[in-house]
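> Give me a 3D structure for the following:
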Amino acid sequence: MKIKFLYILSILIITTLAACGTAQPALSSEDIANTAVADAWIAITQTQAAMPTATLAPPTATSEPTLTPFPTLPPLPVLPTATVAAPATDPCNQVPPQEPQGVLVNVEFINQSDGQVNLSIGMSTPNDKSECVTYSFAFGKVGVPTTKVLAGCYWGYAWITGDEPSVARTGNTILCMTDTSGIYHIEITKERIEFK
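The predicted model follows:
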């Protein structure tokens, strides 16, 4: 009887243990959603893998297009060649020679413009030696530069820099300097270049 009792007891213990079992862990809603997404991706991947690959159809032979000739055009008329005149150059816009042949006169420039001056004076007509030149001078606010220029009649134009930049010119006045015995005094203001 002792064996029966042990036998029944072990069956009860096994049945009790089997009935209780081990507790299954519960899945959260997030875990269930992630599992569903993974299953969906597996299904898509398997569907794509099962699809047949696209193959290109063999090319069909087509005939070459035929060339239609263009109509023949008459030749263009020949025009006479045009002659282009060279631009006129100012004969008096020449650099002064190192050794002038004409008579020289003394000129003193007086700066009354309150600025630095870049002065250009040019002969309006050639002298008796066919010299016709343009001189360029630059001088500061102070000082009275004296120089020698070819005797003749001149126009003048000055760019004045400083607190109030301006342009001075002789305008309609021509500065004629032909007397070699004295000194010509030319005054430069903010707007005018004239004899003093």
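
> which regions of this structure sit below the pLDDT cut-off?
Residues of the chain that meet the criterion pLDDT under 70 lie in 1-3, 6, 17-25, 54-63, 65, 67, 70, 82-89, 143.

> contacting residues around the top strand by length along it?
For the chain, the strand that runs over the most residues, judged by DSSP state E, is strand 152-161. Residues outside strand 152-161 that contact it (C-beta atoms under 8 Å, 6 or more residues apart in numbering): 102, 113, 115-127, 132, 165-170, 174-178, 186, 188, 190, 193. Heads up, the C-betas are built off the backbone N, CA and C, glycines and all.

> Swap in 6 Å and give it another go.
Applying C-beta atoms under 6 Å, 6 or more residues apart in numbering, the contact partners of strand 152-161 are 113, 115-124, 127, 166, 168-170, 174-176, 188, 193.

> Which helix or strand contains L12?
Assigned by DSSP states H and E, L12 falls within helix 2-20.

> Give me the next element, helix or strand, following that helix.
Following helix 2-20 in sequence order, the next helix or strand is helix 29-50 (DSSP H and E).

> Could you please name the strands the longest strand of the chain pairs with and the direction of each pair?
Looking at strand 152-161 with DSSP bridges, its partner strands are strand 116-123 (antiparallel), strand 166-169 (antiparallel), strand 175-177 (antiparallel).

> Buried ones in the last one, by neighbour count?
Using 16 or more other C-beta atoms under 10 Å as the test for burial, strand 175-177 gives L175, M177.

> Residues contacting that strand, please?
Under the criterion C-beta under 6 Å, 6+ apart, residues V105, C153, Y154, Y184 lie in contact with strand 175-177.

> Give the partner strands of the helix or strand that the first one is a member of in its sheet and their orientations.
In other words, V105. Using DSSP H and E, V105 falls within strand 104-111. Sheet partners assigned to strand 104-111 using DSSP bridges are listed as strand 146-150 (antiparallel), strand 183-188 (parallel).

> Pick the most buried one from the ones you listed.
Across the strands paired with strand 104-111, averaging neighbours per residue (mean count of other C-beta atoms under 10 Å) puts strand 183-188 on top, at a mean of 17.

> Please consider this matter closed, and thank you.
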